[in-house]
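Asks: Quick check, what structure comes out for this input:
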Amino acid sequence: MRSATRALRFWAAVDLIVTLPLAVPPGARLLLETLTDLNDRLGLPGAAATLPAIGMLFACLTGALGVTWALARLYHPEPLLGRIDGWARVWVGAVIFGAVLDGLPAVFLLFVATEWLGTLHQLWCLRRA
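Replies: Got it, this is the predicted structure:
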């Protein structure tokens, strides 16, 4: 159970670090511009357009929910929350993957990898909990 708790807290901390910038417009803008720039420098396919106001609203709402969910798992790394998070990561990774297929910069596949790696790690650690 101890390794499961460590795994749940680890992935919650990763989520907190990644979603915190999305929670406010300047951070979201900087993160998205940085990812788009990285995509261009690596010569990867896909292009990101400037987000309209409603897109920024949804990015920030996503960040706020991500931060809240990460804090809940950091402070209460319970098996049920880990299982819910594990399966939610499959869903989020699939959504991002579909968006990349629709033209989102390919650098976002890094998030698919971390989402699915998080799923495997957490559910593996929770298999006996």
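Asks: where does this protein dip in pLDDT?
Replies: For the chain, no stretch has pLDDT under 70.
Asks: tell me the helices in it, going along the chain?
Replies: 2-19, 25-41, 53-75, 79-101, 109-126 (DSSP state H).
Asks: now these in JSON lines, with mean neighbour count?
Replies: Glycine gets a C-beta too; all of them are placed from N, C-alpha and C. Below are the helices of the chain laid out as JSON lines (neighbours: other C-beta atoms under 10 Å):
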{"stretch": "helix 2-19", "mean neighbour count": "17"}
{"stretch": "helix 25-41", "mean neighbour count": "15"}
{"stretch": "helix 53-75", "mean neighbour count": "15"}
{"stretch": "helix 79-101", "mean neighbour count": "16"}
{"stretch": "helix 109-126", "mean neighbour count": "18"}
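Asks: I would like the residues contacting stretch 6-20, please.
Replies: Contacts with stretch 6-20, where a contact means C-beta atoms under 8 Å, 6 or more residues apart in numbering, come from 27, 62-63, 66-67, 69-74, 77-78, 81-82, 85, 111, 114, 118, 121-122, 125-126.
Asks: still on that earlier bit, kindly reformat the helices of the chain as JSON lines containing distance to residue 47.
Replies: Formatted as JSON lines, the helices of the chain follow (distance: least, C-beta to C-beta, whole Å):
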{"stretch": "helix 2-19", "distance to residue 47": "22"}
{"stretch": "helix 25-41", "distance to residue 47": "8"}
{"stretch": "helix 53-75", "distance to residue 47": "15"}
{"stretch": "helix 79-101", "distance to residue 47": "12"}
{"stretch": "helix 109-126", "distance to residue 47": "15"}
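Asks: Is it correct that residue 81 is in contact with residue 75?
Replies: No: shown here, residue 81 and residue 75 do not form a contact pair, counting by C-beta atoms under 8 Å, at 10.1 Å.
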